[in-house]
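Trainee: could you work out the structure for the sequence below:
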Amino acid sequence: MKKGFTLVELLAVIIVLAIVLGIAIAAVTGAIGSGQNGVYKNYETTLKSAARNYLIECLEGNIQNSSGGTCKIPSVGGSIVLKHQELANLDFIDNLTDPKGGTCNQSYVKVTRKSDVSTNLNFEYQACLVCDNKKDTCS
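Mentor: Below is the predicted model of the structure:
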């Protein structure tokens with residue numbers, strides 16, 4: 001009697017391996033996508049923090065704009081836009097690399113001053129992520 005595997009047995013093993021490989025590829029693809037989305041969320045948080053730090057430094061009188069005047073602070077009910085490049089030039093943020101390739105350096109933060117409460121200014125921050133390989137989002 002010959003020793004070895006029949007064609008049916010070999011095909012069954014190949015089918016099982018193909019199923020396992022398909023499941024593994026789907027899991028890895030999902031993990032990569034989840035990781036990329038996490039990076040984008042972190043970038044939005046980083047942009048908001050950079051804008052917050054910029055305003056703190058402005059209010060303390062530590063920053064002047066490029067024309068030598070005072071920095072941008074919105075009036076009550078008003079808003080300003082702080083571009084990534086402005087914040088990077090003042091060392092509040094580093095370059096943002098798009099995990100899908102390219103950069104997110106066209107991003108910006110819209111800062112709205114809602115009200116004044118005693119000496120505390122009430123700002124609202126909306127980060128708008130503009131990346132080379134991702135649909136623009138604002139949060």
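
Trainee: CA only for contacts and neighbour counts going forward, please
Mentor: Fine.

Trainee: what's the one helix or strand Ile19 maps to packed up against?
Mentor: Following DSSP states H and E, one finds Ile19 within helix 7-59. Applying 3 or more CA pairs under 8 Å, 6 or more residues apart in numbering; DSSP states H and E, one finds that helix 7-59 contacts helix 84-89, strand 108-117, strand 120-131.

Trainee: could you give the angle of that helix to strand 108-117?
Mentor: Interaxial angle, helix 7-59 versus strand 108-117 (axes from the mean of the first three to the mean of the last three CA atoms, to 10 degrees): 50 degrees.

Trainee: pLDDT averaged over helix 7-59 - what is it?
Mentor: Across helix 7-59, pLDDT averages out at 89.

Trainee: tilt between it and strand 120-131?
Mentor: 140 degrees.

Trainee: got the contact list for stretch 107-125?
Mentor: 47-48, 51, 74-84, 126-131 (CA atoms under 8 Å, 6 or more residues apart in numbering).

Trainee: could you redo the last one with a cut-off of 10 Å?
Mentor: 43-45, 47-52, 55, 59, 73-87, 96, 126-131, 136-139 (CA atoms under 10 Å, 6 or more residues apart in numbering).
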